[in-house]
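**Student:** structure of the sequence below:
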Amino acid sequence: MTTELSHIGGDGRAHMVDVSEKAATARVATARGRLICAAETVAIVRDGKAPKGAVITTAELAGIMGAKRTADLIPLCHPLALSKVEVRITAMDDGAGFDIEAVVKTTGPTGVEMEALTAVSVAGLALYDMLKAVDKTMRLEGIEVTSKSGGKSGDWPNKNAV
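**Tutor:** Residues are numbered from 1 along each chain as shown. The predicted model follows:
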């Protein structure tokens with residue numbers, strides 16, 4: 001594991017990493033998280049009775065939009081031309097909430113882990129916003145990168161992912 005922080009210069013100031021010398025490679029990152037809520041909330045969504053309408057579709061679109069805006073939200077992220085963003089929200093089998101997963105792809109000199117994490121986070125926040133009128137107990141949890149590929153470090157499955 002690297003102990004040097006790449007976003008800190010020799011003078012101790014934050015800076016954007018120079019990736020101009022890095023090769024452009026195909027890169028993919030996946031991330032996931034969960035919105036934990038009451039079983040009744042999941043049922044309302046499944047039955048299409050949420051007060052704000054198409055909850056899942058809207059939250060998935062919000063996640064895609066979030067991935068595209070990552071560089072605007074995270075100060076030292078590089079703006080990337082994303083070639084694919086897919087966000088899927090599914091009800092958990094046990095009825096305890098929703099699983100949120102994002103897959104982000106690009107071809108470039110730096111990875112898309114932050115975009116995948118942002119997609120999951122924004123999708124979860126949108127889901128929360130659309131359901132908060134019916135469930136005050138909700139919480140987002142377990143947001144993590146589950147895999148990445150491409151670049152100098154190659155493929156990386158997160159063996160610690162829950």
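
**Student:** which regions of this structure lie under the pLDDT threshold?
**Tutor:** 1-10, 158, 161-162 (pLDDT under 70).

**Student:** can we see that at 90?
**Tutor:** Residue ranges of the chain with pLDDT under 90: 1-23, 51-53, 151-162.

**Student:** now do the helices in it.
**Tutor:** Under the criterion DSSP state H, helices of the chain are mapped to 39-46, 55-68, 70-73, 113-131.

**Student:** so which of these is nearest W156?
**Tutor:** Comparing these against W156 with CB to CB, the closest turns out to be helix 113-131 (9.4 Å). (Each C-beta comes from the backbone N, C-alpha and C, glycine too.)

**Student:** buried residues, the closest one. List them.
**Tutor:** Buried residues in helix 113-131, counted by 16 or more other CB atoms under 10 Å: 113-128, 130-131.

**Student:** next, the angle from it to helix 39-46.
**Tutor:** 100 degrees (axes from the mean of the first three to the mean of the last three CA atoms, to 10 degrees).

**Student:** from the contact counts, what lies against helix 113-131?
**Tutor:** strand 25-36, helix 39-46, helix 55-68, helix 70-73, strand 82-91, strand 97-108, strand 139-149 (3 or more CB pairs under 8 Å, 6 or more residues apart in numbering; DSSP states H and E).
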